[in-house]
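Asks: need a 3D model of the following:
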Amino acid sequence: MIRDNLGSIMSTIEQFTGLILLSGVDKPGITQELFDTLAPFSISIIDIEQVVISNRLILTVLIALNPAHEKAIEDDLQACATRLDVDIATLYAQTNTSSISTKAGLLHVVVLTTKLLPEAVANVAGAIAEADGNIEGVTRTASTPVTAIEFLVSGAKQEALSASLSVVAATHGIDIAIQPSGNLRFGKKLIQLDVDSTLIEQEVIDLLAAKAGKGQLVQEITESAMRGELDFEQSLRARVLLLKGLPESVIKEVQSEITLTPGAKTLVQTLHRLGHVVTVVSGGFTDVISPLMNELQITSFRANKLGIHNGELTGEVLGPIIDRAAKAQALHEFAAEESISISQTVAIGDGANDLDMIAAAGLGIAFNAKPAVKAAADSSVSAPYLDSVLYLLGIPREAIDSETN
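Replies: Predicted coordinates for the structure are as follows:
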């Protein structure tokens, strides 16, 4: 009987909470001083969050306490506020102390934009509420070269939330990605990249065509194929046929003209350092991209092979064509080789021949893509920085900087 009564009393004490909000100019020692003040009391910490914005500190702490100690804690906290020259506000209540860490079905909503406006944030919050979601936390994960804001949301279904937020993204021209919370979000992943206009800024076939004086004609065929208006294999063979007779030496010339997309090297290096696998598939040519793959230390890649005879391009493509179906097949095969679930893969591309691998991946990302690709992808990146993809994967700017500095 005594044991039962004690349990009941302890349950009541644990449900009586105090919310402490400290704000002021940031300086060393504030956090230690606050918790030194709380240390003599019989309390436990339920939740804590601290953020510094423009040298202003906001520190919130949720504690469980004996209601009989409320006045003494309040007095000591006000004395602490005077010593530190900060503001401390408190709120005590009988409340449910369930922690966010115990909640299931949490979703991470990442917003990317080069300029974040209040109306966009309001509409994101409204869409979350419309999907019956509650914002449990908001964190800025990057401020340059894009702003990345991550909302942690409870109570919403991913499909409903995605439908609501897609309208917001289109209206405000921002990029939004939604991923379930949990260990898998930060588990080992395979990230597969398209090459032309994704990993690099150019279209290799266009560079080769310029050497043959057929640039305009080939570019028109390329654009039509990328819009999905032409069968990729037929269009590729037609374009390569226009290169017939070019000297083999143009391959080295084109290699020297290739430039990586801004942030591409940072993306690959950071993913490698964090233990992820990076693979590449291209509708271009191994003859051209092989040195780049060696430079980036990417060992798993597939592309087409140019026919070469007596030092000249034959106008043929050797072997099977790497088209949209082959790109998806490569994703599955590379993932199997690395013992990575397809749900833990990410596919990034910009054109119609990337659609199958984007659909097959656990997370499909359209990078500065055609409208049809944006519509089919789980998320998109509109800023011209490929390393922005890292924010969609939950990797903050600090983790990226530690690689590049």
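Asks: hey, let's count contacts and neighbours off CA atoms from now on
Replies: Will do.
Asks: now the helix or strand harbouring Ser290: buried residues?
Replies: Secondary structure assignment for Ser290, by DSSP states H and E: helix 286-296. Within helix 286-296, the residues that count as buried by 16 or more other C-alpha atoms under 10 Å are 286-290, 292-293.
Asks: then stretch 27-36?
Replies: Of the residues in stretch 27-36, 30, 33-34 count as buried by neighbour count, 16+ other C-alpha under 10 Å.
Asks: got TSV for these, with pLDDT, secondary structure and distance to Ala81 too?
Replies: Listed next are those as TSV, based on pLDDT from 0 to 100; DSSP: H, G, I helix; E, B strand; the rest coil; distance: C-alpha to C-alpha, whole Å:
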residue	pLDDT	secondary structure	distance to Ala81
Ile30	95	helix	10
Glu33	95	helix	10
Leu34	96	helix	9
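Asks: any stretches of the stretch 51-200 of the chain with poor pLDDT?
Replies: For the stretch 51-200 of the chain, applying pLDDT under 70 flags the ranges 96-104.
Asks: so where do the helices sit in it?
Replies: Secondary structure of the stretch 51-200 of the chain (DSSP state H, counting those that start in this stretch): helices located at 70-84, 118-130, 158-172.
Asks: possible to save these as TSV with distance to Pro145 and mean neighbour count?
Replies: Written out in TSV, the entries for the helices of the stretch 51-200 of the chain read as follows (distance: least, C-alpha to C-alpha, whole Å; neighbours: other C-alpha atoms under 10 Å):
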stretch	distance to Pro145	mean neighbour count
helix 70-84	35	15
helix 118-130	19	17
helix 158-172	18	17
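Asks: in stretch 209-228, what's buried?
Replies: Within stretch 209-228, the residues that count as buried by 16+ other C-alpha under 10 Å are 209-212, 214-215, 218-219, 221-222, 224-226, 228.
Asks: from those, pick the one nearest Arg302.
Replies: Arg302 has its nearest neighbour among these in Met226, at 18.6 Å by C-alpha to C-alpha.
Asks: and stretch 282-302, what's its mean pLDDT?
Replies: Averaging pLDDT along stretch 282-302 yields 97.
Asks: centre of the chain to that stretch, how far?
Replies: Centroid separation between stretch 282-302 and its chain, computed with C-alpha atoms, centre = their mean, to the nearest Å, is 24 Å.
Asks: start to end distance for it?
Replies: Terminal residues of stretch 282-302 are spaced 6 Å apart (C-alpha to C-alpha, to the nearest Å).
Asks: can you give me the strands for the stretch 1-150 of the chain?
Replies: If DSSP state E, counting those that start in this stretch is used as the criterion, the strands of the stretch 1-150 of the chain fall at 16-25, 44-53, 56-64, 87-94, 107-113, 134-142, 147-154.
Asks: parallel or antiparallel, which strands does the fifth one pair with?
Replies: When you say that, I think you mean strand 107-113. Strand pairing for strand 107-113, determined by DSSP bridges: strand 147-154 (antiparallel), strand 175-180 (antiparallel).
Asks: can you check the first one too?
Replies: Within its sheet, and counting by DSSP bridges, strand 16-25 is paired with strand 56-64 (antiparallel), strand 87-94 (antiparallel).
Asks: if we take the buried residues of stretch 209-228, which one ends up nearest to Ser44?
Replies: Ranking the buried residues of stretch 209-228 by separation from Ser44, with C-alpha to C-alpha as the measure, puts Met226 on top at 59.1 Å.
Asks: any idea how far Leu390 is from Ile128?
Replies: Using C-alpha to C-alpha, one gets 23 Å for the distance from Leu390 to Ile128.
Asks: need the pLDDT of Asp401.
Replies: Asp401 is assigned 58 on the pLDDT scale.
Asks: quick one: Ala369 is in a strand?
Replies: No - secondary structure of Ala369, determined by DSSP: H, G, I helix; E, B strand; the rest coil: coil, with no strand assignment.
Asks: make 13 the first number, not 1, from now on.
Replies: Let's use 13 as the start, then, which means that last one is Ala381.
Asks: give me the neighbour count for Ser246.
Replies: Let me fix one detail, which is that residue 246 is Gln and not Ser. Counted with other C-alpha atoms under 10 Å, residues neighbouring Gln246 total 11.
Asks: show the model's pLDDT score for the closest residue to Ile212 other than its chain neighbours.
Replies: Once its chain neighbours are removed from consideration, Ile212 has its nearest residue in Leu272; the separation is 4.2 Å (C-alpha to C-alpha, 6 or more residues apart in numbering). Taken from the predicted model, the pLDDT recorded for Leu272 is 98.
Asks: and Leu272, how many neighbours?
Replies: Neighbours of Leu272 under the rule other C-alpha under 10 Å: 17.
Asks: who's in contact with it?
Replies: When the contact criterion is C-alpha atoms under 8 Å, 6 or more residues apart in numbering, the partners of Leu272 are 211-213.
Asks: count of neighbours near Ala378?
Replies: Summarising burial for Ala378: neighbours were counted as other C-alpha under 10 Å, giving 28.
Asks: same deal with His81?
Replies: For His81, the number of neighbouring residues by other C-alpha under 10 Å comes to 12.
Asks: now do the contacts for it.
Replies: Contacts here follow C-alpha under 8 Å, 6+ apart; on that basis His81 touches Phe53.
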